[in-house]
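**Student:** Here's a sequence, model it:
(chains A and B)
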Amino acid sequence: MTTTTSEAPMTARERSLRVRLIPYIDRFGILFLVLVMLLIGTITQPDVFLTWRNLSNLPGQNAANAVLAIGMFVVILTAGIDLSVGSVLALAMMTTAVLARDGFPPLLLVPLPILIGMTVGLINGLGLTKLHLPHPFIVTLGTLNIARGVGNLVSGGVPVSGLPEIVRFWGAGSIPIGDVQIPVSLVIVALVYVGFFVFLQYTRTGRHIYAIGGNPQAARVSGINVDRTLILAYVLCGAMAGLAGLLVAGRTNSGFPNAGIGAELDAISAVIIGGASFFGGRGSVLGVLAGVLVIGLLRNILNLNNVQVFWQQVLIGVVIILAVSLDVIRRRAGSAGE
Amino acid sequence: MSQEQREVPVIEARGICKYFGAVTALEDVYLKLYRGEVLGVVGDNGAGKSTLMKILAGLYPPNAGQIFVDGKLVHFSSPRDAREMGIEMVYQDLALAGNLRIDENIFLGRERVRRFGPFQFINNAESLRRAKEHLDKLKIEVKSVRQRVEELSGGQRQAVAIARATAFDAKVVIMDEPTAALAVKEVRKVLDLIKDLKNHGIGVILISHRLDDIFYVCDRVMALFRGRNFAEAPLAETNRNEVIGWIMGNRSPVAQAAKIFDLN
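**Tutor:** From the prediction side, this is the model:
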């Protein structure tokens, strides 16, 4: 127990700065990191970084990862993982592009990628709960390959370009408010994040997702339908992968079968950097958003400073390890004395 | 006994059998519990105590046998069904989610909600308030109901698990080894909590290896041996030596000696 009553004298350990900082690191560490990055960006590129021209690029560049990450977050909250989201993004994108080329009604092309994502998510959820595959790693590794393969089959392995206006609007459009053009992708990300925040914090199912991540047996004996809740988590994650496919398709005005390779790892990185526990039950929507911002800002700042793309990868790796080591310190402190 | 016999048991199990593959966990087991009664269930490891309790709590379906609640035949297909009939269980591992607050654990699966048209949103204010009221009623002390369960001591966790079991008009609370993992000071609190439940008219089934617990709170004690009913008696008509004999599958010499020499 690290908690003390006000009367109890503090031990040397509890007085140590490191231990006393833990609750603050826990709550504000990641936001602090975002601020530091904003500062570094401003100092290194004072003329460019804080301009609207630069900042307005961020939503477009990071919307897909933001949307993938929030879906991944729900799955990670249940102590699961979804490796298939990058492939699902490509499958949704390719199917949309091919059908657009073949004259499918444009209006139906908007919900289609999301429905494709939900279908793969349903397969993931059913594979986990009904086939009793031992870990979601397995079933989603399977669908990672299946979705990528099907995406290539649909298009014959070649890119397809040229999409209807209504599809491009979602990834590349903007809404003028006064003099400012608000990117549609920013609006989507905002709505999605608000939606997930309300879902996870204020609905019974959202609470059950946290409970399953904390102790699945407790959830089960409390009368929670654990299987149904898990399936829903994977369907939501798939839906977000499909939405990410729509955004990328709209932004690039095309479908290319190699889209989203490794995107699942970026999404997982954002979730973990944002303070969610890989073992489930811990983390917040705000943290995920911060994790996405950290990765996005890191790339942006390094690009502005003409740092090689390979160094970006190195630094993201370092940030992941640092962020998770904070989580470990916190857990150790939390369980000390047990 | 005679007075109890006229009353309908709040829960009754008849002829319960449970098999796990080739293993017979329970064979033709009977159990009765009355309102406001504390029934101690004893038996060696593997005697089938926990299995019987999990059947009563709806976690396992029996292979044969019937369960009656207030004299009515019931079928539980999940713990949710049992909880709806007022049958609650406190599991040996407590089954709490350490990452959730105390009130969230108490209302887990039965969250307090507020409706907005077709939507339901969790009412945190009501959840916190009712959890606090309930803990106060049970005289359970915690710093704050907002604490996460992982921050609590073993005794406090046990108390939260009991609070959860009694938050919704429970008729029967089944407790599997509630004192096994507790410090001496905490054991007494939990046992007094059981007495409180009894005084509120709740029937309690207590599994325990500790005869001190059994003889402190129980009205009646029954023993299982190798998955069968072995012996049963009101507490006043038996003694420790006899009960120890039952646990070991030994009905005669010790028990008879105890009766002959009146060691009660």
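**Student:** quick one, strands of the chain?
**Tutor:** No chain was given, so I picked chain A. With DSSP state E as the criterion, chain A has strands at A:160-161, A:174-177, A:180-183, A:254-255.
**Student:** not quite, I wanted chain B
**Tutor:** Going by DSSP E, chain B shows strands at B:11-20, B:23-33, B:38-42, B:64-69, B:72-74, B:87-90, B:113-116, B:119-122, B:172-176, B:203-207, B:220-225, B:228-234.
**Student:** and the strands of chain A, which is most packed in?
**Tutor:** strand A:254-255 (a mean of 26; mean count of other C-beta atoms under 10 Å in any protein chain shown). Bear in mind the C-beta positions are built from the backbone N, C-alpha and C, glycine included.
**Student:** What is it packed up against?
**Tutor:** helix A:85-101, strand A:160-161 (3 or more C-beta pairs under 8 Å, 6 or more residues apart in numbering or on different chains; DSSP states H and E).
**Student:** got a markdown table for the strands of chain A, with distance to residue B:105 too?
**Tutor:** Listed next are the strands of chain A as a markdown table, based on distance: least, C-beta to C-beta, whole Å:
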| stretch | distance to residue B:105 |
| --- | --- |
| strand A:160-161 | 52 |
| strand A:174-177 | 44 |
| strand A:180-183 | 42 |
| strand A:254-255 | 47 |
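**Student:** can I get the ones you listed in TSV with mean pLDDT?
**Tutor:** Below are those laid out as TSV (pLDDT from 0 to 100):
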stretch	mean pLDDT
strand A:160-161	91
strand A:174-177	88
strand A:180-183	86
strand A:254-255	92
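**Student:** Show the backbone phi and psi for the residue in chain B sticking out farthest from the centre.
**Tutor:** In chain B, residue B:117 marks the outermost C-alpha relative to the chain mean, sitting 38.8 Å out by C-alpha atoms, centre = their mean. Residue B:117 adopts backbone torsions of phi 60, psi -130, taken as degrees, to the nearest 10.
**Student:** The strands of chain B into JSON lines, with extra columns for mean neighbour count, mean pLDDT and distance to residue A:259?
**Tutor:** JSON lines is the format used below for these (neighbours: other C-beta atoms under 10 Å in any protein chain shown; pLDDT from 0 to 100; distance: least, C-beta to C-beta, whole Å):
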{"stretch": "strand B:11-20", "mean neighbour count": "18", "mean pLDDT": "94", "distance to residue A:259": "50"}
{"stretch": "strand B:23-33", "mean neighbour count": "19", "mean pLDDT": "93", "distance to residue A:259": "53"}
{"stretch": "strand B:38-42", "mean neighbour count": "25", "mean pLDDT": "94", "distance to residue A:259": "61"}
{"stretch": "strand B:64-69", "mean neighbour count": "17", "mean pLDDT": "94", "distance to residue A:259": "56"}
{"stretch": "strand B:72-74", "mean neighbour count": "12", "mean pLDDT": "94", "distance to residue A:259": "55"}
{"stretch": "strand B:87-90", "mean neighbour count": "26", "mean pLDDT": "92", "distance to residue A:259": "50"}
{"stretch": "strand B:113-116", "mean neighbour count": "12", "mean pLDDT": "88", "distance to residue A:259": "39"}
{"stretch": "strand B:119-122", "mean neighbour count": "16", "mean pLDDT": "90", "distance to residue A:259": "35"}
{"stretch": "strand B:172-176", "mean neighbour count": "25", "mean pLDDT": "93", "distance to residue A:259": "53"}
{"stretch": "strand B:203-207", "mean neighbour count": "26", "mean pLDDT": "94", "distance to residue A:259": "58"}
{"stretch": "strand B:220-225", "mean neighbour count": "24", "mean pLDDT": "92", "distance to residue A:259": "62"}
{"stretch": "strand B:228-234", "mean neighbour count": "17", "mean pLDDT": "89", "distance to residue A:259": "65"}
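**Student:** who wins for proximity to chain A among these?
**Tutor:** Across those, chain A has its closest neighbour in strand B:119-122 (4.4 Å, C-beta to the nearest C-beta).
**Student:** Direction included, what does that closest one pair up with?
**Tutor:** Strand B:119-122 has the following strand partners under DSSP bridges: strand B:113-116 (antiparallel).
**Student:** now the partner strand, how far from the centre of its chain.
**Tutor:** Here the centre of strand B:113-116 is set off from its chain's centre by 33 Å, with C-alpha atoms, centre = their mean, to the nearest Å.
**Student:** Can I get that strand as CSV, trimmed to CA atoms?
**Tutor:** Extracted in CSV, the C-alpha atoms of strand B:113-116 (Å, rounded to 0.1, in the frame of the first residue of the first chain):
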residue,chain,number,x,y,z
VAL,B,113,-28.2,4.5,-15.0
ARG,B,114,-30.0,7.6,-16.1
ARG,B,115,-32.1,7.4,-19.2
PHE,B,116,-32.0,9.9,-22.1
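**Student:** hmm, who's touching that strand?
**Tutor:** With C-beta atoms under 8 Å, 6 or more residues apart in numbering or on different chains as the test, strand B:113-116 has contacts from A:204, B:120-123, B:126.
**Student:** rerun at 10 Å
**Tutor:** A:202-204, B:107, B:119-127 (C-beta atoms under 10 Å, 6 or more residues apart in numbering or on different chains).
**Student:** wait, what's in contact with residue B:78?
**Tutor:** Contacts for residue B:78 were tallied using C-beta under 10 Å, 6+ apart; they are A:220-221, A:223-225, B:57-59, B:61, B:84.
**Student:** change it to 7 Å
**Tutor:** Residue B:78 is in contact with A:223, B:58, counting by C-beta atoms under 7 Å, 6 or more residues apart in numbering or on different chains.
**Student:** Spell out which parts of chain A neighbour chain B.
**Tutor:** Contact residues (C-beta under 7 Å from any C-beta of the partner chain) of chain A with chain B: A:1, A:3, A:202-204, A:207, A:210-211, A:213-215, A:217-219, A:221-224, A:281-282, A:334.
**Student:** Would you mark the buried spots in stretch A:142-151?
**Tutor:** Using 16 or more other C-beta atoms under 10 Å in any protein chain shown as the test for burial, stretch A:142-151 gives A:142-144, A:146-148, A:150-151.
**Student:** Turn those residues into JSON lines, columns for pLDDT.
**Tutor:** JSON lines is the format used below for these (pLDDT from 0 to 100):
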{"residue": "A:142", "pLDDT": "96"}
{"residue": "A:143", "pLDDT": "96"}
{"residue": "A:144", "pLDDT": "97"}
{"residue": "A:146", "pLDDT": "97"}
{"residue": "A:147", "pLDDT": "96"}
{"residue": "A:148", "pLDDT": "96"}
{"residue": "A:150", "pLDDT": "96"}
{"residue": "A:151", "pLDDT": "94"}
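**Student:** Which single one of these is nearest to residue B:207?
**Tutor:** Nearest to residue B:207 among these, counting by C-beta to C-beta, is residue A:142 at 43.1 Å.
**Student:** Apart from its neighbours in sequence, what residue is nearest that closest one?
**Tutor:** residue A:127 (7.2 Å; C-beta to C-beta, 6 or more residues apart in numbering or on different chains).
**Student:** how close does the one you found get to residue A:235?
**Tutor:** Per C-beta to C-beta, to the nearest Å, residue A:127 is found 12 Å from residue A:235.
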